[in-house]
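> Got a sequence here, can you model it:
(chains A, B and C)
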Amino acid sequence: MNYTLNNLPERESKPRERGFTMAMDKGLSIREVEDFLEVAGDYVDIVKLGWATSYVVPNLQKKLDVYRAAGIPTYFGGTLFEAFVVRNQFDDYRRILDKYNMTFAEVSDGSLEMDHGQKCEYIQTLAEQVTVLSEVGSKDAEKIIPPYMWIRLMQAELDAGAWKVIGEAREGGNVGLFRSTGEVRSGLVEEILTKIPFEKILWEAPQKAQQVWFIKLLGANVNLGNIAPSEIIPLETIRLGLRGDTFSHFLEMDNNPRRG
Amino acid sequence: MNYTLNNLPERESKPRERGFTMAMDKGLSIREVEDFLEVAGDYVDIVKLGWATSYVVPNLQKKLDVYRAAGIPTYFGGTLFEAFVVRNQFDDYRRILDKYNMTFAEVSDGSLEMDHGQKCEYIQTLAEQVTVLSEVGSKDAEKIIPPYMWIRLMQAELDAGAWKVIGEAREGGNVGLFRSTGEVRSGLVEEILTKIPFEKILWEAPQKAQQVWFIKLLGANVNLGNIAPSEIIPLETIRLGLRGDTFSHFLEMDNNPRRG
Amino acid sequence: MNYTLNNLPERESKPRERGFTMAMDKGLSIREVEDFLEVAGDYVDIVKLGWATSYVVPNLQKKLDVYRAAGIPTYFGGTLFEAFVVRNQFDDYRRILDKYNMTFAEVSDGSLEMDHGQKCEYIQTLAEQVTVLSEVGSKDAEKIIPPYMWIRLMQAELDAGAWKVIGEAREGGNVGLFRSTGEVRSGLVEEILTKIPFEKILWEAPQKAQQVWFIKLLGANVNLGNIAPSEIIPLETIRLGLRGDTFSHFLEMDNNPRRG
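Predicted structure coming up:
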């Protein structure tokens, strides 16, 4: 840090199991990736190439190289997995993970109907090849999954070999964990946390108010994802109580967040 | 493309008469233009220097050179044309198009009252010098033009020599084709399409939900404009059914969009 | 300018006491700063490193050097001042201003409760070291300060040695001067202007509609702040009546804005 401020919440350091941040790259140029890493490299733990953008970007291999050289792992968004599966090209998908030397992959069913046993088999199969993040929640705002079912799905996916489970929100933060207004389904989150360990969950929370809500509930070291590259520094200040939104929160807690 | 996915909608290739994408540059630096072209050069067909930003940016000539070297045509936003006309400086405007070797120009009346015969004369005059895009629709949210009048204006402007007609939306996507909430005036669009050929229209659609609406209605190869540089890659995935919003749409249509 | 348009509102030139623009840098890379200055260097008068982002960015010294070389002064956001004060580290704060050769500083109380006499003492003390901008208004949307009190606080802070007073809005533009919807508290602004000189106030106005509102009320040369780097060029066109929003305003006024 550039100077000393007393009594800040303690942050985990890399490699982090808790308090990690997943950023979303939806088509950065090589220089933009370098700029992003110059500023936020210490604060970002993993980068998702959003949905199937990796299919169309012309700089894929070079971009993966730049992230790799900086020690930041990457993975393709779950929609790409689904796009292969829906076309009966799962084996092609596995070959592509190998071709690009991917060490992580996401398994999701946000855009299609998939038998949950089948989904868990995909997790199991891919877990032999890479570290798997699996995602629960639909991209369709109309499909509401009740809390007990979120818990059941998350637990089954962890049991099948997922490293962490992701709570769906999309780039917009208006489905899955959130109402269409962006408001957190707080009862849902609280209920999930009674059963699934805090550090096993990666909450997608692209909007500032959502990040603030999670940090106030769970402390500086909650896992958050779908963060825009330009919002990584702002998020880090929120985690540290150095932005208006959480300024008094950590002071009042005497630097002792509930689970942070 | 970086790998093979079966059964995607077919996309037109450059130079495109259909399925083309107009991006808006509202003040990019030279490096930002280069970064934009590195990533999106294959997917963007024309770039508008938004409204009269070309008056104030200090890097105009150099920027035009960079776009030209990449084979991407550019044009000045219609508000610049209007700013010259309202000051009785139309001849100056023509000289400036020459000075900068512009091959396209926009004729609009979004910010002033102009007799429509006069507007068509401007189109006719400029069409001898450059390729003309003309725009219908007011920037004033209060001015509602009924559908039959949109059609009459569009047809007259095409007859006067406009290459394509643009449906107004502004950078925000909250006037003209859209309600102030951003919702599409769907009846208006449907009625326009009964009379004006699909490929003659460029729909300004800066918001994702608007792009999705047009692509679902008109297929992968609808002409869309006012796209932010960072949204060109996301738009291309929506066109291809590779983002959640259109994921099932093209699958269900058996790759056969209504007019795409 | 790149060409001649007649009858534009006159803009102050640098160094400006009126019509100046404060931009917010919330974590730009060095190249992004260079790009920003290439495009907007002539139009931006001062840059705020938003809230306490200067604590976490890894490129602080180098970034300050780049701004300095371009002749653009910078200052740390008021939340950083508050973060030091609330920890009884005010002397450390003063040392940090020296360490980084800062010539400006902000004194605010947006995130904590501070006796106003105490705040004015901080202003007085810091004014011996740097040029002070002081800020009135809470970051808490629930805390409504009545107009007579805004005036009293602003006057006292100017008397204590503040160079200008800032009207609070945050990055979002939804507190302080504005309702949670972003709408201007117009009665508040009008009342403040009956007592505090126009050129002593810097209005935070991050949203376009807010900028338009102030420019229509106060002319091209109103002081505006919390402008995103990519919005400096658009703002300049609004000041000049070269965007739809103010296009007719300056024409109708015969280039004679109320106080611009």
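> Just say helix, strand or coil for A:Val165.
In three-state terms, and counting by DSSP: H, G, I helix; E, B strand; the rest coil, A:Val165 is strand.
> Next, the contact list for it, please.
Counting by CB atoms under 8 Å, 6 or more residues apart in numbering or on different chains, A:Val165 makes contact with A:133-136, A:154, A:157-158, A:196, A:200-202. Every residue, glycine included, has its C-beta placed from N, CA and C.
> Skip the chain neighbours and tell me the closest residue to it.
Leaving aside its sequence neighbours, A:Val165 sits nearest to A:Met154 (CB to CB, 6 or more residues apart in numbering or on different chains; 4.6 Å).
> ok, now A:Asn174?
A:Ser180 is the one closest to A:Asn174 (CB to CB, 6+ apart), at 5.1 Å.
> For chain A, give the residue positioned nearest to chain B.
Residue of chain A nearest chain B, by CB to the nearest CB: A:Gly27 (3.2 Å).
> can you pull the pLDDT of that residue?
Confidence at A:Gly27, expressed as pLDDT, is 98.
> Would you mind naming what in the stretch 1-150 of chain A lies close to chain C?
For the stretch 1-150 of chain A, the contact set with chain C under CB under 8 Å from any CB of the partner chain comprises A:1-7, A:31, A:34-36, A:38-43.
> filter those down to the ones near chain B?
Taking CB under 8 Å from any CB as the test, chain B is in contact with A:Arg31 out of the residues of the stretch 1-150 of chain A next to chain C.
> Okay, and the beta partners of the residue positioned nearest the centre of chain A?
Nearest residue to the geometric centre of chain A (CA atoms, centre = their mean): A:Gly225, 3.3 Å. Listed by DSSP bridges, the beta-bridge partners for A:Gly225 are A:Glu204.
> and it, what does it touch?
When contacts are counted by CB under 8 Å, 6+ apart, A:Gly225 touches A:21-24, A:48, A:166, A:202-205.
> With pLDDT added, can I get those residues in CSV?
Conversion of these to CSV gives the following (pLDDT from 0 to 100):
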residue, pLDDT
A:Thr21, 98
A:Met22, 98
A:Ala23, 98
A:Met24, 98
A:Lys48, 98
A:Ile166, 97
A:Leu202, 98
A:Trp203, 97
A:Glu204, 96
A:Ala205, 97
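> Out of those residues, give me the one that has the most neighbours.
Neighbour tally across those (other CB atoms under 10 Å in any protein chain shown): the maximum, 29 neighbours, falls on A:Ile166.
> Was I right to think that one contacts A:Val136?
Yes: counting by CB atoms under 8 Å, A:Ile166 sits close enough to A:Val136 to count as a contact (7.1 Å).
> which residues are in contact with both of the two?
Counting by CB under 8 Å, 6+ apart, A:Ile166 and A:Val136 have no shared contacts at all.
> Quickly note the distance from A:Leu112 to chain C.
Computed as CB to the nearest CB, to the nearest Å, the A:Leu112 to chain C distance reads 36 Å.
> thinking again about what came up before, nearest to C:Ala209, out of the contacts of A:Gly225: which one, please.
C:Ala209 lies nearest to A:Ala205 out of the contacts of A:Gly225, by CB to CB, at 27.1 Å.
> So which residues make contact with the regular element (helix or strand) spanning the residue nearest to A:Val165?
With elements taken from DSSP states H and E, the one containing A:Met154 is helix A:147-159. Contacts to helix A:147-159, defined as CB under 8 Å, 6+ apart, come from residues A:107, A:116, A:119-120, A:123, A:134, A:136-137, A:145, A:165, A:167, A:187-188, A:191-192, A:195-196, A:200-201.
> Show the buried residues in those residues.
Among these, those buried by neighbour count (16 or more other CB atoms under 10 Å in any protein chain shown) are A:107, A:119-120, A:123, A:134, A:136-137, A:165, A:167, A:188, A:191-192, A:196, A:200-201.
> Chain B contacts on chain A?
A:26-32, A:50-61, A:79-80, A:82-84, A:86-87, A:89, A:92, A:96, A:99, A:110-112, A:139-140, A:170, A:172.
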